[in-house]
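Enquirer: I'd like to go over a predicted model; first the sequence, then the structure.
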Amino acid sequence: MKAAPLKILVTGGKGFIGSAVVRHLINETRHSVINVDKMTYAATEGSTQSIADSPLYEFEHADICDIDCITEVFAEHAPDAVMHLAAESHVDRSIDGPAAFVQTNLIGTFTMLEAARAAGVQRFHHISTDEVFGSLGPNDPAFTETTPYDPRSPYSASKAGSDHLVRAWGETYDLPVLLTNCSNNYGPFHFPEKLIPLVTIRALHGEPLPVYGAGDNIRDWLHVEDHAAALVAVVERGTPGETYNIGGKAERTNLEVVETLCDLVDEIAGPLDSGASRRSLITFVADRPGHDQRYAIDQTKIQRDLGWEPKHTFDTGLRSTVQWYLDNQPWWQPLSDKQATERLGLKK
């Protein structure tokens, strides 16, 4: 039986994961969507262009830290549920400028909780990350919903703090909250500074491919469309007060990911002009500060309780992702050009 239609307010719905959630809600369910986004560097119009004309979709350009603006959005739209995805999420940016992460991830979440509480929403679903759990050793069991928090970066610390706020509002104010912690996402519309799109684009252009340290850090990879389906399952059928871990069953070292991307770009786009494999472009660089060694997700709970499991294998998902970037240069090229300009200091 399909869930009764809900009016769902999605924050950050023009970002990578948020836009995948919005597209899934419009294309695969009967729910309606109010997309709230500040339109920072990570948001793009193209990510929701395919559903922009749907009668079930509305967009509000708003900052989640602005309580007056957010209160007006709730008053105008009276959402049944909130899916809170808006966040600063890039670890390197958090090391260079942690203030924005504290502001958006903590103050923004507090603002959303207060607005949702005043509006009496039926469900408040907070989307978080596996990075709040810290780092695993090579033989440690995967993260579960009861793994103690041990954040290691300004980004993961700010997300851990927001998770604690959400649980506190659930306990103190009886706000019907749901939390999810996910592994690394990949797929279409991923901002070009992230590992998989960055390597794909640089490999296509024959540019050096930077890999932190020895490339032996391990991540569990989850296709963004699988993640979107899981998040919708949680907001529809999850038990308020519960947390659900979402992973892709795809642990890989960073070097393995980069090498696979090199091989895929060679296969799909052809080899370099020199005839060399793009693996020759791999360049090892100084490791990032506090670089967690391994993340892994135990997703037994969401599979058992909600019947969700990923549809994409890492091999099929990565191939389709590389093909998407090769087919959609008009989307990512302006973003890459802007990043290059900012790195050169030509524009603040």
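Expert: The structure has been received and is ready for your questions.
Enquirer: CA only for contacts and neighbour counts going forward, please
Expert: Fine.
Enquirer: quick one: low-confidence parts of the chain?
Expert: 1-3, 339-348 (pLDDT under 70).
Enquirer: could you pull out the helices for the stretch 151-300 of the chain?
Expert: Remark: helices assigned in the stretch 151-300 of the chain by DSSP state H, counting those that start in this stretch are 154-173, 195-205, 224-237, 254-269, 300-306.
Enquirer: Output those helices as CSV; include the columns mean neighbour count and distance to His125.
Expert: Putting these into CSV (neighbours: other Cα atoms under 10 Å; distance: least, Cα to Cα, whole Å) gives the following:
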stretch, mean neighbour count, distance to His125
helix 154-173, 20, 9
helix 195-205, 21, 27
helix 224-237, 21, 6
helix 254-269, 19, 30
helix 300-306, 16, 15
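Enquirer: among those helices, which is nearest Ala142?
Expert: Closest approach to Ala142 among the helices of the stretch 151-300 of the chain is made by helix 300-306 (10.7 Å; Cα to Cα).
Enquirer: Check the offset of the next helix or strand after the closest one from the chain's centre.
Expert: Downstream of helix 300-306, the next assigned helix or strand under DSSP states H and E is helix 314-327. From the chain centre to the centre of helix 314-327 is a distance of 17 Å (Cα atoms, centre = their mean, to the nearest Å).
Enquirer: which residues touch helix 314-327?
Expert: The contact list for helix 314-327, computed with Cα atoms under 8 Å, 6 or more residues apart in numbering, reads 186-188, 197, 200-201, 221-223, 248, 250, 261, 264-265, 268, 332.
Enquirer: Let's have the helices of the stretch 151-300 of the chain in TSV, adding distance to Gln323.
Expert: Converted to TSV, these look like this (distance: least, Cα to Cα, whole Å):
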stretch	distance to Gln323
helix 154-173	30
helix 195-205	10
helix 224-237	15
helix 254-269	8
helix 300-306	29
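Enquirer: so which of the ones you listed comes closest to Arg294?
Expert: Of all these, helix 254-269 sits nearest to Arg294, with 10.2 Å by Cα to Cα.
Enquirer: which other helices and strands contact the closest one?
Expert: Here helix 254-269 touches helix 195-205, helix 314-327, going by 3 or more Cα pairs under 8 Å, 6 or more residues apart in numbering; DSSP states H and E.
Enquirer: Mind checking those for the one nearest to Val21?
Expert: So among those, helix 314-327 is nearest, using Cα to Cα, at 17.1 Å.
Enquirer: buried sites along that closest one?
Expert: For helix 314-327, a neighbour-count test (16 or more other Cα atoms under 10 Å) marks Phe314, Gly317, Leu318, Arg319, Ser320, Thr321, Val322, Gln323, Tyr325, Leu326 as buried.
Enquirer: Can you get me a residue count around Asp68?
Expert: 12 (other Cα atoms under 10 Å).
Enquirer: same deal with Val73?
Expert: 19.
Enquirer: same thing with Ala99?
Expert: For Ala99, using other Cα under 10 Å, the count is 13.
Enquirer: so it is in which element?
Expert: Applying DSSP H and E as the criterion places Ala99 in helix 98-101.
Enquirer: now the helices and strands packed on helix 254-269 in JSON lines, with distance to Lys301?
Expert: Conversion of the helices and strands packed on helix 254-269 to JSON lines gives the following (distance: least, Cα to Cα, whole Å):
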{"stretch": "helix 195-205", "distance to Lys301": "28"}
{"stretch": "helix 314-327", "distance to Lys301": "21"}
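Enquirer: closest to His24 out of these?
Expert: Closest among the helices and strands packed on helix 254-269, using Cα to Cα: helix 314-327, at 16.9 Å.
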